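> my questions concern the predicted model and sequence given below.
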Amino acid sequence: MAHAAFAAATVAAQGVAALLGGRVGSVVDGQVVEGQGAPLMLDDPATGLPLLGYRDAGTAVAREAAAGAARAQRAWIALTAAERGRRLWALGAAIRAEAEALALLECANTGKPLRDCRGEVARVAEMAEYWAGWCDKVEGRVVSVPSGHFVTVRREPMGVVLAITPWNAPLFTAGWNVLPALAAGNAVVLKPSEYTPLTSAAFGLLAARAGLPVGLVQVVAGAGATSGEALLAAPEVAMVTFVGGAVSGTRIAGACAARMIPCVMELGGKSANIVFADADLPAAVQGAQQAIFAGSGQSCVAGSRLLVQRSIHDRFVEMLAEASSRIRLGDPLDAGTEAGPVCNARQFEHVRALVSAGAAEGADVFTAPRGRTLPEAGFWVPPTIIAGVTNAARVAQEEIFGPVVAAIPFEDEAEAIAIANATPFGLAGAAWTSDVGRAHRVAAAVRAGTFWINGYRTIHVSVPFGGFGASGHGRSSGQEALMAYTQAKAVWVETAAVPALGFGHRPAGVGG
Ligand code: NAD
């Protein structure tokens with residue numbers, strides 16, 4: 001992996017030169033701004049070696065970003081809706097023009113395989129195009145009331161939205177959360193994870209280059225406890241959209257409640273991927289791998305609990321272990337690599353601690369690839385199957401957010417549903433079956449914001465996405481997002497020649 005270390009550092013430096021003018025920092029009013037807080041270091045996930053350093057934005061930069069966003073929002077909403085759409089479309093084109101540079105930079109920073117990064121960049125361009133089309137379709141309505149009033153309901157932007165994002169898919173999540181807010185007429189201050197600020201900063205610069213008002217997409221690079229908290233306290237911030245873990249999410253939702261501002265919360269999950277004995281087993285094996293090993297399991301919708309009907313449980317686990325031994329682990333920058341390391345040292349330790357907990361609870365632990373050794377340095381976790389656990393085990397209850405699946409047997413449909421629902425989370429789930437009636441019954445009974453039948457992990461900007469229960473609330477995609485990022489204003493216009501009477505008020509010459 002010595003070669004990979006060299007490549008990642010070179011690729012990161014080239015990406016920063018090409019996309020950020022050679023400087024790592026926040027993006028405020030269309031310029032890269034160096035932070036004023038503590039020094040922060042990014043590591044190369046493939047080797048654990050330092051990649052790039054930068055400084056936490058700090059309070060002054062955060063405040064400046066929020067104030068600039070408020071100015072930009074006024075310029076944005078003063079444009080016609082059609083013009084806002086044209087400019088979001090231009091942002092999509094700007095992302096396409098820089099797609100390879102963005103994918104390489106994302107790959108070097110996150111350790112996610114290059115082919116996945118390329119796909120995610122393409123999805124972000126599609127998101128910009130999708131939301132461009134919505135700009136001139138944010139429509140109100142007319143309500144019939146029992147008086148002479150003409151009542152319209154306008155959908156108005158919130159103002160400045162703070163988008164706080166995690167490290168597992170930085171540019172994808174930025175696009176997912178920033179673009180609908182812009183389409184609804186808002187400005188956004190984006191606070192990416194301190195581990196992965198690079199492509200988010202590039203996104204902010206591309207937005208300015210594409211003709212969005214300067215400051216409409218501000219990017220504040222820094223830690224949650226410092227820059228994030230400063231943004232949460234900024235008076236211009238009128239709404240928060242958060243993607244991340246339950247601990248920070250609870251803290252941030254509390255801060256929003258204290259300020260009486262709304263929030264959309266997209267938190268983690270412990271999603272059940274349910275395989276019935278009547279399923280197409282080779283397809284289900286492929287789906288189970290996609291569910292948990294894609295992105296090295298660092299996916300909020302990961303199918304981290306594999307529920308398998310008891311009659312096929314052992315055979316299915318063996319099939320999955322065998323197939324997983326063929327996953328191509330390797331240098332993330334190699335276009336043929338299917339799985340890379342996990343993103344950072346903190347996550348690496350978390351995943352390893354939970355795998356040890358699984359083994360300590362007496363479970364059978366299968367790791368792939370068999371017979372091959374992983375690099376000693378870097379944040380490498382092999383695809384791992386923990387079998388022989390019950391749903392009460394730690395590995396079946398806690399979000400691992402790594403390439404680790406807990407396989408749990410069940411007897412029948414009722415027990416599968418009961419186990420699927422026996423966590424506080426409710427983000428996603430799937431069922432593999434050839435019985436169409438059962439497919440619909442299970443989809444209706446499992447408590448989750450997204451459910452797949454005979455598939456896994458597909459999401460799209462046009463489809464609502466979000467959680468039930470401890471996985472969060474609100475929806476950040478599809479038409480539902482426009483509701484989240486706007487607020488309703490009722491406008492009452494009196495049309496009666498003789499207005500309705502009330503509260504003792506009598507216009508001159510009316511009534512007795
Ligand atoms: P995290 O909660 O540690 O951090 C997420 C973001 O919150 C980061 O930008 C962080 O700096 C910021 N933050 C933390 N504390 C803050 C504070 N007090 N004030 C302001 N900002 C603060 O999560 P993570 O470790 O970066 O990401 C992993 C988690 O994200 C997992 O739980 C995963 O399931 C979840 N996730 C959810 C979705 C989804 O759509 N539901 C998508 C991806 C990831």
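That came through, no problem.
> and the helix or strand containing Gln479 with the ligand, contact?
When elements are defined using DSSP states H and E, Gln479 is found to belong to helix 478-484. No - with C-beta under 6 Å from any ligand atom as the measure, helix 478-484 is seen stopping short of the ligand, the closest distance being 12.5 Å. All C-beta spots, glycine's among them, are computed from the backbone N, C-alpha and C.
> which element follows that helix toward the C-terminus?
Elements were assigned by DSSP H and E; along the chain past helix 478-484, the next helix or strand is strand 486-494.
> buried stuff in that next one?
Residues of strand 486-494 classed as buried: Thr486, Gln487 (neighbour count, 16 or more other C-beta atoms under 10 Å).
> same question, stretch 137-148
Taking 16+ other C-beta under 10 Å as the basis for neighbour counts, the residues of stretch 137-148 that come out buried are Val138.
> please apply the same query to stretch 315-322.
Of all the residues in stretch 315-322, those buried under the rule 16+ other C-beta under 10 Å are Phe316, Val317, Met319, Leu320, Ala321.
> who's in contact with that stretch?
Applying C-beta atoms under 8 Å, 6 or more residues apart in numbering, the set of residues contacting stretch 315-322 from outside is 275, 281-282, 284-285, 288-289, 306, 308, 366, 368, 385, 387, 407.
> among the residues you listed, which are in helices?
With helices defined by DSSP state H, the entries of the contacts of stretch 315-322 inside them are Leu281, Pro282, Ala284, Val285, Ala288, Gln289.
> Ala7 touches Asp334, doesn't it?
No - counting by C-beta atoms under 8 Å, Ala7 stays clear of Asp334, with 9.2 Å between them.
> who has more neighbours out of these two?
Summary of the neighbour comparison: Ala7 and Asp334, criterion other C-beta atoms under 10 Å, with Ala7 having more neighbours (20 against 16).
> gap between the closest residue to Thr110 other than its chain neighbours and Thr165?
Of all residues not flanking Thr110 in the chain, Cys343 sits nearest, at 5.2 Å (C-beta to C-beta, 6 or more residues apart in numbering). Applying C-beta to C-beta, to the nearest Å, one obtains 13 Å for the distance of Cys343 from Thr165.
> ok, now Ala70?
Where Thr165 is concerned, Ala70 sits at a distance of 21 Å (C-beta to C-beta).
> quick one: which of those two has more around it?
Thr165 (27 against 18).
> you'd agree the more buried one is up against Val243?
Yes - the pair Thr165 and Val243 passes the contact test of C-beta under 8 Å, sitting 5.2 Å apart.
> between those two, which contacts overlap?
When contacts are counted by C-beta under 8 Å, 6+ apart, Thr165 and Val243 are jointly contacted by Thr173, Asn177.
> and for the residue lying closest to Ser299 once chain neighbours are set aside, the neighbour number?
Residue nearest to Ser299 in three dimensions, not counting chain neighbours: Asn168, with 6.6 Å by C-beta to C-beta, 6+ apart. Residues within reach of Asn168, counting by other C-beta under 10 Å, total 25.
> check Glu100 too.
Using other C-beta under 10 Å, Glu100 is surrounded by 14 other residues.
> got the phi and psi for the most centrally placed residue in the chain?
In the chain, the C-alpha nearest the mean C-alpha coordinate belongs to Thr173, at 4.2 Å (C-alpha atoms, centre = their mean). Note on Thr173: its backbone torsions stand at phi -70, psi -30 [degrees, to the nearest 10].
> how much space between it and Cys300?
Distance from Thr173 to Cys300, counting by C-beta to C-beta: 9 Å.
> same check on Ser200?
For Ser200, the distance to Cys300 equals 17 Å [C-beta to C-beta].
> what of Cys107?
20 Å.
> got phi/psi on the residue of the stretch 401-512 of the chain found nearest the ligand?
Shortest the stretch 401-512 of the chain-to-the ligand distance, computed as C-beta to the nearest ligand atom: residue-wise this is Phe401, at 5.1 Å. Phe401 adopts backbone torsions of phi 60, psi 50, taken as degrees, to the nearest 10.
> list the contacts of the closest residue to it other than its chain neighbours.
Residue nearest to Phe401 in three dimensions, not counting chain neighbours: Gln298, with 5.5 Å by C-beta to C-beta, 6+ apart. Contacts were defined as C-beta under 8 Å, 6+ apart; by that measure Gln298 touches Lys112, Asn168, Ala169, Val342, Cys343, Gln347, Phe401, Gly402.
> which pair in those residues spans the largest distance?
Ala169 and Gly402 (14.6 Å; C-beta to C-beta).
> what's around the residue nearest to Glu338 when sequence neighbours are not counted, how many residues?
On the basis of C-beta to C-beta, 6+ apart, the spatially nearest residue to Glu338 that is not a chain neighbour turns out to be Arg328, at 4.3 Å. Arg328 is surrounded by 11 other residues when neighbours are defined as other C-beta under 10 Å.
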